[in-house]
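Peer 1: Task: produce atomic coordinates for the following.
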Amino acid sequence: MKSFYLLGTALVLGVATPAIAQQEGAVDLGAYVRATMADDQITDAMPRGVGGRLGIFLKRNFALEFELSNNEAPKEPYATMRPFSARLAYHHNLTERWSVIGAAGWTRLWIDPAGPDDLWADDGSSFLLGVQRRLTDRMSLRVDGVYEHFRSPIFETLTSNLVMNHYAVQAGLTWRFKETRAPRDSDRDGVPDTMDACAATAAGETVDARGCVPPKDADGDGVIDANDACANTPAGTRVDARGCAVPVDSDRDGVMDNADRCANTPAGTRVDANGCPVPVDSDGDGVMDNADRCAGTPAGTRVDANGCPVPVDSDSDGVMDNADACPNTAAGTAVDARGCARIFEEGKANIVLEGVTFATGSAVLTDEAKVVLDKMAGLLNGAPDVNVEVQGHTDNTGSAAANTRLSGARAEAVRAYLESKGVAAARLSAKGYGPTSPIAENTTAAGRAQNRRVELKRTN
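Peer 2: This is a model prediction of the structure:
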């Protein structure tokens, strides 16, 4: 059974790779204080005492440890426990100063007072888990937790052996009396002799993981010096298998870089034998493409020195063609900022058509009215985005119903005339308001004349 415990512990602890190996032959001596929670079949008091430890490293990080301690219960029932342990321990370094320890092995426990028939010694197994912190090059602080298991012949009955379990905590100092040594590296190339395939490497040489000097590539072109026919190739140069530069056409203009006097020519540019652009005027505006900031200018367009169109005001309305929403405005027409005929004053949506009159009591336009409407039709045709309502108004002479019918007929007559002059019907509507919207007093002849009127109101 003891051999089984030792073998199992060694296999479990051996799977980890140590961070910093302990060297074979190192010796640890330790002293510690111990408190034991004994099986209550021995005592319910907590035996306490001191102990010592000897550890011998058999292999890297594996040590055989021997411990002996004396522990006495401080009150009744009095008992003295003296465990002696031999364990196989594995030391695993976490950092340069911290390590953990796992161990398992055999323990003999002497108990006083002795049991029945003067049986006073037990053999069992013990397990340890500890942590150690290095304080100096030789001294460390160590704290362990210990579990001891016995199938005891002490207090044996006729029917069974008595099982006992003890738990202990021990803390103390450990001194190492043999320094750990790094693996031998005779040529000081950073690779231990046991792994060095190339012994006696010259000082200062860079080596690979095998301790050998890798083939050199002084110009870093990927071809080792022994095979490089073109030494000192500039960094980043594309080379062939001999280490010589491969002809490259970086700007893809058909002229290799070593002969190209005009590097980075834009893609698609026609070049001469030196790789420089051949002057071309693709849009025929008189400005070569290499200086033309406005390629593809329509034929016949007047351009400036940069090949860009010169602003033109074809209808001479003061608004350049590139911003003119209403080209071909009639000469002398007042226009707004968009180049369209100005019909309504700024901020107003209504305009009275001065001079638009009718035969008395009828909706027949006078010749003077047609002259005014001809001009208005021209303005509306010059502002194609303006829609209007033709509004007819009267004074209050006569019945309101008759005046409303008359004002509607007059508004419709104006709308029809404007349509006949080219104003789109969809832009025009007509309505009679009769005497409901006077702009002057109806008590005087002059006031009544002002109220008899036709207005245009913008509807969009």
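Peer 1: can I see the domain layout of this structure?
Peer 2: Annotated domains of the chain cover 2-176, 183-229, 310-340, 350-458 [automatic domain parsing].
Peer 1: List the buried residues of the shortest one.
Peer 2: Within domain 310-340, the residues that qualify as buried by neighbour count (16 or more other CB atoms under 10 Å) are 315, 317, 319, 324, 326, 329, 333, 335-336, 339-340. Glycine gets a C-beta too; all of them are placed from N, C-alpha and C.
Peer 1: any idea how far it is from the chain center?
Peer 2: Computed by CA atoms, centre = their mean, to the nearest Å, the chain-centroid distance of domain 310-340 equals 52 Å.
Peer 1: which one of the buried residues of domain 310-340 sits closest to residue 243?
Peer 2: Of all the buried residues of domain 310-340, the one with the least separation from residue 243 (CB to CB) is residue 324, at 67.3 Å.
Peer 1: can you tell me which of the domains of the chain comes nearest to residue 266?
Peer 2: Using CB to CB, the domains of the chain put domain 310-340 closest to residue 266, at 26.3 Å.
Peer 1: For the closest one, measure first residue to last.
Peer 2: This stretch, domain 310-340, spans 21 Å end to end (CA to CA, to the nearest Å).
Peer 1: cool, and stretch 265-285?
Peer 2: End to end - CA to CA - stretch 265-285 spans 23 Å.
Peer 1: what does that stretch contact?
Peer 2: Identification of contacts with stretch 265-285 by CB atoms under 8 Å, 6 or more residues apart in numbering yields 251-255, 259-263, 287-290, 292, 295-299, 301, 303, 307.
Peer 1: can you rerun that using 7 Å?
Peer 2: 251-255, 259-262, 287-290, 295-297, 299, 301, 303, 307 (CB atoms under 7 Å, 6 or more residues apart in numbering).
Peer 1: next one: stretch 222-229
Peer 2: Counting by CB under 7 Å, 6+ apart, 215-218, 239, 242-244 sit against stretch 222-229.
Peer 1: which stretches of the stretch 1-150 of the chain form strands?
Peer 2: Secondary structure of the stretch 1-150 of the chain by DSSP state E, counting those that start in this stretch: the strands cover 27-37, 48-59, 62-72, 80-93, 98-112, 121-134, 139-152.
Peer 1: hmm, I was thinking of the stretch 151-300 of the chain
Peer 2: Applying DSSP E, counting those that start in this stretch to the stretch 151-300 of the chain gives strands spanning 162-176.
Peer 1: Can you mark which positions in stretch 425-443 are buried?
Peer 2: The neighbour-count check on stretch 425-443 (16+ other CB under 10 Å) flags 427-430, 432-435, 438 as buried.
Peer 1: So for the chain, the centremost residue is which one?
Peer 2: Centroid-nearest residue in the chain: residue 236, 30.1 Å away (criterion: CA atoms, centre = their mean).
Peer 1: what separates that one from residue 369, distance-wise?
Peer 2: Distance, residue 236 to residue 369, by CB to CB, to the nearest Å: 86 Å.
Peer 1: for residue 387, same thing?
Peer 2: To residue 369, residue 387 is 22 Å away according to CB to CB.
Peer 1: The two - which one has more neighbours?
Peer 2: Legend: neighbour count by other CB atoms under 10 Å for residue 387 and residue 369, higher for residue 369 (21 against 17).
Peer 1: if I pick the more buried one, what's in contact with it?
Peer 2: When contacts are taken as CB under 7 Å, 6+ apart, residue 369 is in contact with 355-357.
Peer 1: Now the buried members of the residues you listed.
Peer 2: Listed as buried from these are 356-357; burial here means 16+ other CB under 10 Å.
Peer 1: Nearest to residue 150 among the contacts of residue 369?
Peer 2: Taking CB to CB as the measure, residue 150 lies nearest residue 356 of these, at 128.4 Å.
Peer 1: before we move on, what SS does that closest one have?
Peer 2: The three-state assignment at residue 356 reads coil, by DSSP: H, G, I helix; E, B strand; the rest coil.
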